[in-house]
Structures are given as C-alpha cells and as structure tokens.
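J.: Provided below for reference: sequence and predicted model.
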Amino acid sequence: RACRAQTTFSSANIVFGFVRIITVIMGTVGMQDMAVIVLLVPCVSVFAGSPPPPPPVPFAFNGTQSSYMVLQRSPSIAAVYGTIGDVNGTEHPSVMVRVQDTDAGGVAYSVPAAVSADGKLWKALLKATPAGGDYTITATCTGCTNTTPVTLEHVTFGDVWFCSGQSNMWLPMQFTFSRNDTVAAIRAGHYSNIRLMAGDSQKGTNFPWVTAAQSIANGNVSVPDYDLFKFSAACWYFAQKLTDRLTENKRTAAGAASVTPIGLINTAIGGSMIEEWIPNAVRTRCKNTTNTTKDQTLYDSKVMPFLSTTVKGFLWYQGENNMAGVKGNALDHVGYACQIQALVSFWRQQWSATPGTTAPTAPFGTVLLPPSGSEGGPDMGTMRWAQTANHGVLPSTDMPNTFLAEVYDLDDPWGKSCGDWGCCHGQPTYNKSKCLATLSNTPWNGNMSACDANCVAIADTPVFMGPIHPRIKAPVGERLATAAYNTVYGGAGAFTGPTIAGCAVSGTNATYQVVVKSNTSLLRGDTVTLQAYNVSLQMSQFQVLVDRKMFCIEPLLRCRPPTEAGSSLMHTSGGSSGCTNGIDYCCPKGPDTVPNNTFFTCQYNGWGHGRTVMDLQRIVAAQPPLGKPVNHFDMAWTTVPITLVADTAGATSIVANLSSLHGQPIVGIRYMWPGNGCCTSGESLPGYCAPKRCPIMSTSGLPANPFIALINAKGTCDCIAPQVCDA
C-alpha cells in the first residue's frame with residue numbers, strides 16, 4: 001500500500017504497459033506471480049528513476065574546522081562557523097557559541113553568531129585571544145531541528161598559515177630527504193607547537209586537524225602511512241624552521257621553549273595554473289593570460305571554503321604550468337606578473353572583508369622556481385622576475401609585506417641520472433646493458449659502482465615524477481622561514497640575498513670592468529660572498545651583451561606562416577597565449593620542429609612597456625634543420641669572470657672582468673638569468689649536483705637575486721621598470 005500510495009498517475013500507466021509486456025513475454029505467468037510484479041514495479045518506477053532525497057544538512061561546524069585546530073591569535077579576531085541544518089517550521093534559528101579555556105581554571109564567555117539571511121549558515125566572531133591555551137568551543141542552535149550542541153575540543157590560538165600552489169607545494173613529506181629526521185625530532189618532543197590540517201590536498205578539502213605527535217601516530221618509517229607524510233613538505237618545513245628560529249629567541253627561565261602555536265592549511269593542486277586560483281573577473285584585468293576551462297575552479301573549491309578562517313599569512317609555490325605562457329610586466333597589466341600581483345591583492349581583500357580578522361596586508365611569501373620548474377618553457381629568468389611583479393625582489397612598493405625564497409640552487413641533487421640510466425639494482429628501471437652504454441660516454445666508463453650513492457638515495461627516498469619535484473625541500477622551508485622571521489616576526493637579519501642596487505662601467509682593455517653594487521639596506525649587516533666556481537667552464541653565471549638589438553626580456557619561439565615562401569609548415573597548434581594570428585604562428589608540438597620554419601621573436605625588449613616594434617624581429621640564421629631551435633637572443637650573451645670588491649662596509653660589490661671583450665662597449669648585464677643551475681660537468685659522482693653552490697651569496701647563506709639591466713650612455717645601470725637600480 002505504501003508503495004502504491006507513492007505512485008503517480010503517469011507512473012501507473014507506465015507500470016500497466018510494463019505488465020502487459022511481461023505477460024506477452026512470459027506467457028505462462030500466473031496471477032500470483034503477476035501480483036508480485038505489479039506490486040514491485042511501481043516502487044522501481046519511483047525510486048530507480050529519481051535520485052534519492054539528499055541527506056539532511058546537520059547543525060555543525062564547517063568541515064574545515066575540527067578539534068585540535070589552531071585559531072588565529074590576537075590582535076586578529078578568529079571566527080568559527082558552520083551550517084544550520086533543518087529548522088522547526090518557519091522559525092529563524094539563532095546560534096550561541098561558548099568558549100571555555102580549560103587551562104585557565106574554566107574561564108568562559110559566550111558570543112552570539114550571525115546567521116545568514118536564508119537561515120542556512122552561521123558565523124561567530126570570537127574575542128581576540130593571545131597565543132596558547134586549551135579551549136573547548138561549543139555551539140548551540142535554537143530553532144534547529146537538531147538542538148544537540150556541537151563541540152570542538154583542545155583548540156588553541158596561534159598563527160595560521162595558508163599554503164597553496166601546484167605540485168611542488170603539494171609534494172608530500174614522503175618524497176623528501178629529511179622526513180625521517182623530522183619524525184625523530186617529533187618523537188623527541190620537538191615541534192609540539194605545530195598543528196596541521198592533515199590530508200592530501202589533492203583528495204579533498206575537509207581534513208581533521210592533528211598535533212605533530214598525532215601526525216606520526218599511525219604507520220612507521222618503513223611503511224610511510226603517517227598523516228605527516230601525506231602533508232605538504234614545503235609548508236611543514238616552513239613551520240619547522242620558523243619554530244627553530246622562534247625557539248632560539250624565546251627561551252624561558254627554566255630553559256624550555258615557549259613558542260607560538262602554528263597552524264598549517266594546504267590546498268595545493270598539482271599541474272594547476274595561476275588562472276585557476278583567481279576569479280575570472282580578476283584574471284581579465286590582465287592581458288595575455290592563458291584561458292582554459294579550469295579558470296577560477298580552484299578559487300571556488302580550494303580558496304572560498306577558507307575565506308572565513310582568519311589567517312596570519314600565505315605561502316605560494318606555483319608557476320611551472322605557466323612557463324609556456326606570457327610572463328609579461330605588471331606595469332602593463334600583462335601576463336603572469338600582472339596575475340600574481342592581482343592574486344595577492346584579491347586574496348588579501350577577500351580574507352580581510354570582515355574588519356578585525358585577517359589583516360588587509362597579511363604577509364605573503366612566494367617560492368621562485370628552480371631550474372627543474374621550467375616544464376620545457378623558455379625564459380626562466382623572466383619568469384622569476386615576473387614572480388616578483390618585475391621588481392626583482394620582495395617586498396616592493398607594489399607588493400608590500402611580501403617575501404620570497406630563491407631556490408635556483410636547490411634542485412634535486414641527483415636529477416635524471418643513475419636511476420634513469422638503468423644502473424640501480426632492485427629498481428624497476430634496472431638495465432645493465434643500458435647503464436654501461438650510458439656510462440661509456442662519461443668519466444665513469446664501465447664503473448657501475450659510481451652510481452651506488454645515487455641508487456641509495458633513490459631507494460631511501462622515492463622520486464615523484466622525476467626531478468621536476470626536488471626532494472630537497474627542507475632548505476626551501478628554511479629560506480621561507482628566514483624571510484618570514486625577519487619580516488613578520490621581528491627579526492633583524494637579512495630576509496633576502498644580495499640585490500642589485502646599481503652598476504658602473506670603467507677602464508679600458510686590461511682594466512675594463514663593470515662593478516655591481518648590492519643594496520646594503522637589504523643586506524642588513526650581511527656581506528656578499530663569492531663561492532668557488534669553475535672558471536675554465538665559465539660558470540660565473542654573470543653575462544654581458546654588446547649588441548643592443550639582441551637585448552630581449554622575453555623571446556618567444558614562433559613558426560613561419562604556411563603561406564610564406566619557403567615554409568613547409570602545414571598546420572599550427574594555435575591557441576597558445578601570446579601568438580599573433582596572421583603574423584606569427586605557434587610551432588606544432590612534438591620532439592622536433594619543422595625544418596626552416598622556426599624563428600625567435602622578441603615579445604618584450606625592455607626599452608619600453610609591453611610590445612614594441614621588436615615584436616616582429618626574426619632571428620632565423622643558423623637554425624638546425626631538426627631538433628631544438630637555437631635561441632639567438634640568449635646566445636648573444638657572453639659569460640665573464642667575477643670577483644669580490646671590498647669597500648668600507650665590507651664586501652658588498654661584485655666586479656666583472658671585461659678584458660676579453662677588447663674594449664667593445666657593453667649594453668647589458670645579467671646574472672643567473674638563463675636559470676640552468678650552477679653545476680659543472682666535473683662532478684665527483686655521476687648525475688650529482690650539490691645544492692647551494694651558486695657563486696654570489698650572502699654571509700647568512702642566501703643566494704643573490706637574479707637581475708638583468710641595460711647599460712646607459714653614462715656607463716651605469718638602468719633596470720627594467722618597475723625595478724630600479726640607479727644607485
């Protein structure tokens with residue numbers, strides 16, 4: 001009867017027809033069997049053809065909030081929030097939140113929550129609370145169908161950092177060299193101030209919060225099932241190294257460390273582009289962006305759920321998947337440079353929409369790409385410059401209260417080598433004949449044992465998708481932490497490496513040189529150091545240019561149109577950002593280019609803003625018939641040796657020896673611009689590249705910020721606006 005009562009007139013007609021079909025097919029079906037069919041089919045027609053009703057929404061805290069979480073400490077105001085669930089009739093619900101500190105003898109207070117106009121959501125602003133404490137937070141709803149209070153336990157207050165980006169921010173602790181050292185340190189009682197929203201950010205958003213000790217309670221080192229090992233390595237190591245810094249400076253009289261709790265949220269998604277992390281309305285403020293069907297999707301799913309969470313600041317590691325696009329210049333509202341500036345501004349605006357919560361200029365730290373982050377795209381130096389919105393350093397006037405971590409000297413120390421060559425026993429790729437054939441072209445001819453150290457590293461720490469995800473993430477976190485400590489937490493030390501302030505050309509012939517001065521205010525008492533480099537292999541990374549027309553900030557590979565005389569190109573890949581249809585064509589994808597079709601055009605030469613007449617300059621001479629095209633803009637630069645210059649403030653300048661130019665006037669200088677790393681072909685082990693070995697460093701171990709500059713008629717530097725280096 002209940003089944004028949006739910007059957008509509010239309011479904012009854014369908015059932016009647018269905019019964020007639022069954023009668024014809026079965027023929028011998030009796031009345032008793034037919035009765036069963038008639039009783040069952042209406043139920044199927046109603047429930048199989050319609051989706052089940054959605055489960056009732058409970059009165060609850062939001063899924064991003066749980067027991068053991070960290071809420072932002074004072075002076076900011078933290079919030080708790082959630083869903084109302086079903087209500088009694090038309091009654092408008094109300095929610096009261098009670099906060100009790102179990103560490104302070106049960107001292108408690110209550111605050112009413114604001115309820116959305118549709119009665120579905122609630123949000124309560126708590127009192128500004130200093131760091132620490134062990135709080136129980138209970139929410140109670142009046143007017144809800146479910147009047148049972150909901151509770152968060154063991155909540156503390158501290159600094160909440162929101163980490164995001166793509167796969168190198170996502171890369172879990174499991175794939176890093178230092179992971180077991182971290183586990184041992186946690187077991188020894190260290191880093192108890194750090195809590196994290198445990199879980200793989202690529203598999204969801206709502207994960208439970210855990211303490212450091214809880215994050216290693218499941219699994220073991222041999223079977224890495226720890227929650228910690230699923231969490232972002234760059235994000236964790238930032239908190240770990242920041243804790244080390246804070247511990248050094250906050251010792252109690254008893255010698256124990258009293259350190260601010262740190263809460264970590266990670267939402268990074270591998271392979272994502274910056275366009276996915278901002279709304280389309282924000283993206284369209286910038287020209288020459290890459291438009292995809294995924295634009296804005298990650299802002300909706302990975303940012304918006306956290307906008308009511310008060311945070312201390314943000315950490316961003318992204319850009320690899322934008323390498324094929326236009327890097328641009330923020331002054332002209334072009335490319336990645338414009339978008340990163342827009343993202344920082346918009347995120348801050350959205351998070352601080354409620355006064356007193358997240359600061360309107362909340363700290364924002366970004367990791368500049370290592371060499372492996374090119375994804376095959378050109379102009380790594382230009383990309384790093386774009387990541388600073390073209391200021392060459394952070395913070396800047398356009399991006400205040402920001403900081404950066406240079407990691408161009410922190411690629412995976414092994415890269416693609418012994419494992420890929422088939423030299424590692426026990427690995428799926430082991431192939432002795434392939435290994436010996438590969439080693440025959442190296443100084444380790446026939447000596448497979450030279451790969452032992454590399455193979456041990458592979459067995460000990462798995463590689464995720466190759467060297468594009470460097471396993472050396474602890475130093476990345478350390479540089480972020482150093483910058484944050486000295487810009488956000490009151491530290492007085494340097495937060496960035498040597499940064500160009502100006503230059504001057506002098507001398508002739510044997511005394512011909514250019515001296516590059518560092519910004520002493522940014523050094524903060526540091527001096528410049530020069531690490532040993534291979535002079536014979538010209539590994540100084542310092543280059544000069546003598547042909548002004550070859551000065552190009554962003555060369556782009558293009559193909560000659562199929563209608564042009566001599567072109568054998570029959571199709572184009574089209575649609576790539578920066579292509580000028582009807583003038584230049586994007587080259588077809590594939591391992592080889594079409595013979596005689598490629599040329600490089602200069603999208604941006606730095607002489608003015610945006611595109612210039614140099615757009616159509618074609619460099620076609622000496623292109624190979626097949627294979628990787630030659631970028632003649634890059635080849636025009638000459639590497640020269642460098643040494644330190646000492647002055648009254650210590651070593652703060654670098655001198656480049658130009659004697660090999662025989663008096664030819666230089667028109668440009670650059671350092672670490674191609675972005676190929678600082679290793680030589682004379683390494684002690686096959687495929688090995690020691691980290692932190694680039695030439696120009698500071699005494700505190702921070703690498704110099706890459707730069708490019710024109711030389712004017714006075715023989716001094718003109719950096720490309722908005723960067724300034726005229727000191």
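T.: Everything's here; your move.
J.: so residue 219 touches residue 230, yeah?
T.: No. Here residue 219 does not reach residue 230: they are 9.9 Å apart, not a contact under CB atoms under 8 Å. Placement of C-beta: from N, CA and C, glycine included.
J.: list the buried residues of stretch 432-448.
T.: 435, 436, 438, 439, 442, 444, 448 (16 or more other CB atoms under 10 Å).
J.: check whether the first one sits in a helix, strand or coil.
T.: I take that to be residue 435. helix (DSSP: H, G, I helix; E, B strand; the rest coil).
J.: and the gap between it and residue 403?
T.: Residue 435 sits 44 Å away from residue 403, taking CB to CB, to the nearest Å as the criterion.
J.: residue contacts, residue 216?
T.: Neighbouring residues of residue 216 by CB atoms under 8 Å, 6 or more residues apart in numbering: 183, 186, 187, 226, 227, 228.
J.: give me the spatial nearest neighbour of the third one, chain neighbours excluded.
T.: In this structure, residue 187 finds its nearest non-sequential neighbour in residue 216, 7.1 Å apart by CB to CB, 6 or more residues apart in numbering.
J.: do the same with the fifth one
T.: Leaving aside its chain neighbours, residue 227 sits nearest to residue 198 (3.9 Å; criterion: CB to CB, 6+ apart).
J.: contacting residues for that neighbour?
T.: By CB under 8 Å, 6+ apart, the contact set of residue 198 is 207, 208, 209, 210, 214, 215, 227, 228, 230, 231.
J.: and with 6 Å instead?
T.: Residues counted as contacts of residue 198 (CB atoms under 6 Å, 6 or more residues apart in numbering) are 207, 210, 215, 227.
J.: now do it, the pLDDT please.
T.: pLDDT recorded at residue 198 is 90.
J.: distance check, it against residue 161.
T.: 15 Å.
J.: on that earlier part again, higher neighbour count, residue 219 and residue 230?
T.: Comparing residue 219 with residue 230 by other CB atoms under 10 Å, the one with more neighbours is residue 230, at 22 against 15.
J.: hmm, the more buried one is touching residue 172, no?
T.: Yes. Between residue 230 and residue 172 a contact is recorded at 5.1 Å, counting by CB atoms under 6 Å.
J.: in the stretch 601-727 of the chain, which spans are helices?
T.: 632-635 (DSSP state H, counting those that start in this stretch).
J.: any stretches of it with poor pLDDT?
T.: The stretch 601-727 of the chain contains residues with pLDDT under 70 at 606-630, 647-649, 680-684.
J.: need the longest strand for the chain.
T.: Scanning the chain for the strand with the most residues, using DSSP state E, yields strand 150-165.
J.: can you tell me what sits against the helix or strand just after that one?
T.: Next along the chain after strand 150-165, taking DSSP states H and E as the criterion, comes helix 167-170. Helix 167-170 is contacted from outside by 163, 201, 232, 234, 268, 270, 317, using CB under 6 Å, 6+ apart.
J.: alpha carbons only: can I get helix 167-170 in PDB?
T.: Taking C-alpha atoms only, helix 167-170 is exported to PDB below (Å, rounded to 0.1, in the frame of the first residue of the first chain):
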ATOM      1  CA  SER A 167      52.700  20.200  -7.200                       C
ATOM      2  CA  ASN A 168      55.900  21.500  -5.600                       C
ATOM      3  CA  MET A 169      53.800  22.900  -2.800                       C
ATOM      4  CA  TRP A 170      51.700  19.800  -2.700                       C
END
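J.: and it, how far out from the chain's middle?
T.: Relative to the mean C-alpha coordinate of its chain, helix 167-170 is positioned 6 Å out (CA atoms, centre = their mean, to the nearest Å).
J.: ok, what's across the strand from residue 708?
T.: Note on residue 708: beta-bridge partners by DSSP bridges are residue 670.
J.: surely it meets residue 670?
T.: Yes. Using CB under 6 Å, residue 708 is in contact with residue 670, at 4.1 Å.
J.: looking at those two, which has the bigger crowd around it?
T.: Per other CB under 10 Å, whichever of residue 708 and residue 670 has more neighbours is residue 708, with 26 against 19.
J.: who are the contact partners of the residue minimising distance to the centre of the chain?
T.: Centroid check for the chain by CA atoms, centre = their mean gives residue 317 as the closest residue, at 1.8 Å. With contacts taken as CB under 6 Å, 6+ apart, residue 317 has the following neighbours: 165, 168, 169, 234, 367.
J.: likewise for residue 319?
T.: Contacts of residue 319 by CB under 6 Å, 6+ apart are residue 369.
J.: quick one, phi psi at it?
T.: Main-chain torsions, residue 319, degrees, to the nearest 10: phi 140, psi -20.
J.: surely residue 700 is in contact with residue 492?
T.: No. Judged on CB under 6 Å, residue 700 makes no contact with residue 492 at a distance of 11.6 Å.
J.: neighbour-wise, which of those two wins?
T.: residue 700 (17 against 9).
J.: ok, so of the contacts of residue 198, who is nearest residue 142?
T.: residue 207 (30.3 Å; CB to CB).
J.: which residue is the nearest non-sequential neighbour of that closest one?
T.: In space, residue 207 is closest to residue 199, 3.1 Å off (CB to CB, 6+ apart).
J.: quick revisit: list the buried residues of the longest strand of the chain.
T.: Buried, per 16+ other CB under 10 Å, within strand 150-165: 150, 152, 154-165.
J.: what bits of the stretch 101-250 of the chain have low per-residue confidence?
T.: Those would be 221, 250, if you go by pLDDT under 70 across the stretch 101-250 of the chain.
J.: all strands of it, in order?
T.: Assigned by DSSP state E, counting those that start in this stretch, the strands in the stretch 101-250 of the chain fall at 107-112, 114-115, 121-125, 132-142, 150-165, 194-197, 209-211.
J.: give me the number of residues near residue 94?
T.: Residue 94, neighbours per other CB under 10 Å, totals 17.
J.: and what of residue 404?
T.: So residue 404, with other CB under 10 Å, has 26 neighbours.
J.: quick revisit: so which of the contacts of residue 216 wins on neighbours?
T.: residue 228 (27 neighbours).
J.: how far away is it from residue 450?
T.: 34 Å.
J.: over to residue 121?
T.: On the measure of CB to CB, residue 121 and residue 450 end up 62 Å apart.
J.: more neighbours: the two, which one.
T.: residue 450 (20 against 17).
J.: isn't residue 677 up against residue 370?
T.: No. Residue 677 lies out of contact with residue 370 (CB under 6 Å); the separation is 7.9 Å.
J.: so residue 114 touches residue 123, yeah?
T.: Yes. Contact criterion CB under 6 Å: residue 114 and residue 123 qualify, at 5.4 Å.
J.: looking at these two, which is more packed in?
T.: residue 123 (17 against 14).
J.: residues in contact with that one?
T.: Neighbours of residue 123 in contact, by CB under 6 Å, 6+ apart: 79, 81, 113, 114, 308.
J.: look up how far residue 351 lies from the third one.
T.: Read that as residue 113. 19 Å.
J.: circling back: and the longest strand of the chain, which strands flank it?
T.: strand 70-72 (parallel), strand 132-142 (antiparallel), strand 262-266 (parallel), strand 313-317 (parallel).
J.: pipe these into CSV and attach distance to residue 555 per row.
T.: Listed next are the strands paired with strand 150-165 as CSV, based on distance: least, CB to CB, whole Å:
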stretch, distance to residue 555
strand 70-72, 45
strand 132-142, 54
strand 262-266, 35
strand 313-317, 26
